[in-house]
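Student: The following comprises the amino acid sequence and a computationally predicted model.
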Amino acid sequence: MDNATQFLNYIDGQWVASGSGNTFENRNPADQDDLLGLFQASTAEDARRAIAAADRAFTEWRATPISQRARILNRAADYLMENLEQFAQELTREEGKLLANSRDEIARSAQTLRFYAVEGQTITGETFPQDDARMTVYTQREPLGVATVITPWNFPISIPARKIAPALITGNSVVFKPSSDAPLIGYRLAEALHHAGVPAGVFNFITGAASAIGEEITANPVVKAISFTGSTAAGERIHRAAAMATRTQMELGGKNPLIVLEDADIDTAVDLTVKGGFSLTGQACTGTSRVLIARSCKEAYLTRLVEKVKTLKIGNGMTEGTQIGPLATRQQLDTVLGYIETGRQEATHVHGGEHLTEGDYAKGFYVTPAIFSDVTQEMRIAREEIFGPVVAVIEIDGYEDAITKANDTPYGLSAALVTKNFDYIQRFPLDIQAGTVKINRTTTGNLVNAPFGGLKQSSTSTFRESGRAGLDFFTQTKTVYLGC
């Protein structure tokens, strides 16, 4: 540990240690002997310094020509792509996802920065007709001020990028706190912006426990916007703690259904289940956790699903051929194993759910994908977000029953339908209570240029992330009456 790299905070344009003098470890979930580095255990005072720096920098940054802001985002994107292989390997080592997925995430993050570098320059107001020929009435959009960005460990660079890029291009200053379970790739994003020439104080990066710095970066009245992705419980606490004048954007949990109707192609349904439920080790907020399947084809579906899952190779994400990596943290492993035990008591255990501890698995957080059948609506595995490779299979009697059961949840993030019936294809986007609706596609995934967000307890449902809509959260509108 004496030789471990120590990574610093980035406050007011300087790389600095926390005032606490303490650090925390970042270890590989595939191999706990692999120490990636030590990160700053920041304090509330560190957070106040970052907020104060962002507040000081805001006035000059909002006046900076937007073409100059765009150049910084583009240069940061270039930096990510120039270091793609190194950063992808670091991402796999700290979060556990497959190396191919890590490469895709780095590239997607660079794409996001470039998208907002262009799209941010198209923001316009409106002019309004009225009766006074000597007056012009128009709206202008302007930045909010200091924005706090708080992000999770499952997509630890692409989620920050889709929040930070629209914040910066619209003239806001930012304080960014990554998850303590995957801080290194967030550090690399901060490094990219530093190398791109972001002015001192405009962007700040601090690491540490939410218990130590969370209240300061969410309840401080200087903060004018909070963009958070994480659990519904944490999002609710942040939303309640924020000052009345502070705008909040919460993207939270999900319990996403894949509906398989009687006419569906079973092989397609199996492939979508595996991709949506087990890729990324089930650790996606849009992951498939419920499969609502027509009673008449359930047995055929389960037989083929088990056959498919048995072929999946579990292992270190750095190893070629691996299809499912470890869970990201010991806490997540314990949570998933707890739900698997609950499923064994509640429902019919069909396959998987074993904690792998021997040989190459001994130093990591590995579990085999679990499938449960005969699941009913009141069961915990049907109602609670598990965030792991666990799928609950629920029988349905036709489309109407499927919609009733799919909507019987406090969540409304993503939902998918597998069918050839054109009538149901047309009805589904109207009937389902979800912010992201897929037809004959997996529940996971969203485009850089399309809005993303949930309904019900999956979001505050105020402002969407991603796409052009992602700019709206970070701007406010003034109406100007100009007479002469």
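Tutor: The structure has been received and is ready for your questions. Numbers count the residues shown, from 1 in each chain.

Student: so the residue nearest to the spatial centre of the chain is in which element?
Tutor: Closest to where the C-alpha atoms of the chain average out (CA atoms, centre = their mean) is Ile159, at 4.8 Å. Element membership of Ile159 [criterion: DSSP states H and E] is helix 158-169.

Student: residues in contact with the residue nearest to the centre of the chain?
Tutor: Residues near Ile159 by CB atoms under 8 Å, 6 or more residues apart in numbering: 151-152, 229. The C-beta positions use only the backbone N, C-alpha and C, and glycine is treated the same way.

Student: Contacts only, for the nearest residue to Asp408 once chain neighbours are set aside.
Tutor: Spatial nearest neighbour of Asp408, chain neighbours left out: Gln377 (5.6 Å); criterion: CB to CB, 6 or more residues apart in numbering. Neighbouring residues of Gln377 by CB under 8 Å, 6+ apart: 383, 394, 405, 408.

Student: Narrow these to just the buried residues.
Tutor: Buried members of the contacts of Gln377, counted by 16 or more other CB atoms under 10 Å: 394, 405.

Student: mind listing which of the contacts of Gln377 are in helices?
Tutor: 383, 405 (DSSP state H).

Student: The lowest-mean-pLDDT helix or strand in the chain: what's the following helix or strand?
Tutor: Lowest by mean pLDDT, DSSP states H and E among the helices and strands of the chain is helix 232-241, with a mean of 90. Per DSSP H and E, the first helix or strand lying C-terminal to helix 232-241 is strand 247-251.

Student: got the CA coordinates for the host helix or strand of Asp334 in PDB?
Tutor: Applying DSSP H and E as the criterion places Asp334 in helix 330-346. Taking Å, rounded to 0.1, in the frame of the first residue of the first chain, the C-alpha atoms of helix 330-346 are listed here in PDB:
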ATOM      1  CA  ARG A 330     -19.100  -6.600  -1.700                       C
ATOM      2  CA  GLN A 331     -22.200  -4.700  -0.600                       C
ATOM      3  CA  GLN A 332     -23.800  -5.400  -3.900                       C
ATOM      4  CA  LEU A 333     -22.800  -9.000  -3.800                       C
ATOM      5  CA  ASP A 334     -24.400  -9.400  -0.300                       C
ATOM      6  CA  THR A 335     -27.600  -7.600  -1.500                       C
ATOM      7  CA  VAL A 336     -28.000  -9.800  -4.500                       C
ATOM      8  CA  LEU A 337     -27.300 -13.000  -2.500                       C
ATOM      9  CA  GLY A 338     -29.900 -11.900   0.000                       C
ATOM     10  CA  TYR A 339     -32.500 -11.400  -2.700                       C
ATOM     11  CA  ILE A 340     -31.600 -14.800  -4.200                       C
ATOM     12  CA  GLU A 341     -32.300 -16.400  -0.900                       C
ATOM     13  CA  THR A 342     -35.600 -14.500  -0.700                       C
ATOM     14  CA  GLY A 343     -36.500 -15.800  -4.200                       C
ATOM     15  CA  ARG A 344     -35.800 -19.400  -3.100                       C
ATOM     16  CA  GLN A 345     -38.300 -19.000  -0.300                       C
ATOM     17  CA  GLU A 346     -40.900 -17.100  -2.300                       C
END
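
Student: helix or strand right after it?
Tutor: That would be, after helix 330-346 and using DSSP H and E, strand 348-351.

Student: Which strands and helices lie in contact with that following strand?
Tutor: helix 298-310, strand 370-373 (3 or more CB pairs under 8 Å, 6 or more residues apart in numbering; DSSP states H and E).

Student: Let me have these in TSV, extended by distance to Thr475.
Tutor: As requested, those are arranged in TSV below (distance: least, CB to CB, whole Å):
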stretch	distance to Thr475
helix 298-310	46
strand 370-373	44
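
Student: what about the helices in the chain?
Tutor: With DSSP H as the criterion, the chain has helices spanning 44-63, 66-82, 84-95, 99-119, 158-169, 183-196, 210-219, 232-241, 266-277, 298-310, 330-346, 380-383, 399-407, 422-431.

Student: Comparing those helices, which yields the minimum mean pLDDT?
Tutor: Per-stretch mean pLDDT for those is lowest at helix 232-241 (a mean of 90).

Student: Check which helices and strands that helix sits against.
Tutor: Here helix 232-241 touches helix 210-219, strand 223-229, strand 247-251, going by 3+ CB pairs under 8 Å, 6+ apart.

Student: which ones are touching the residue lying closest to Asp271 once chain neighbours are set aside?
Tutor: Excluding the flanking residues, the one nearest Asp271 by CB to CB, 6+ apart is Lys308, at 7.6 Å. With contact set as CB under 8 Å, 6+ apart, Lys308 has these partners: 270-271, 274.

Student: that older thread, how far away is the residue nearest to Asp408 from Val260?
Tutor: Look at Gln377 and Val260: by CB to CB, to the nearest Å, they are 17 Å apart.

Student: same thing with Leu312?
Tutor: Taking CB to CB, one finds Leu312 at 20 Å from Val260.

Student: Compare neighbour counts for those two and give me the winner.
Tutor: Val260 (28 against 16; other CB atoms under 10 Å).

Student: Pretty sure the more buried one sits against Tyr301.
Tutor: Yes - if you go by CB atoms under 8 Å, Val260 and Tyr301 touch, sitting 6.6 Å apart.

Student: Mind listing the shared neighbours of those two?
Tutor: 266, 269, 291, 293.

Student: which two from these end up farthest apart in space?
Tutor: With distances taken as CB to CB, the most widely separated pair in those is Ile266 and Val291, at 11.8 Å.

Student: Counting neighbours around each, name which of the two comes out higher.
Tutor: Between Ile266 and Val291, Val291 has the larger neighbour count (other CB under 10 Å), namely 30 against 16.

Student: ok, now how distant is that one from Tyr138?
Tutor: For Val291 relative to Tyr138 (CB to CB), the value is 51 Å.

Student: re earlier: need the contact partners of the least confident helix or strand of the chain.
Tutor: Contacts of helix 232-241 (CB under 8 Å, 6+ apart): 150, 210, 214-215, 218-219, 226, 228, 248, 250-253, 385, 410-411, 457-458, 460.

Student: Cool, thanks, talk later.
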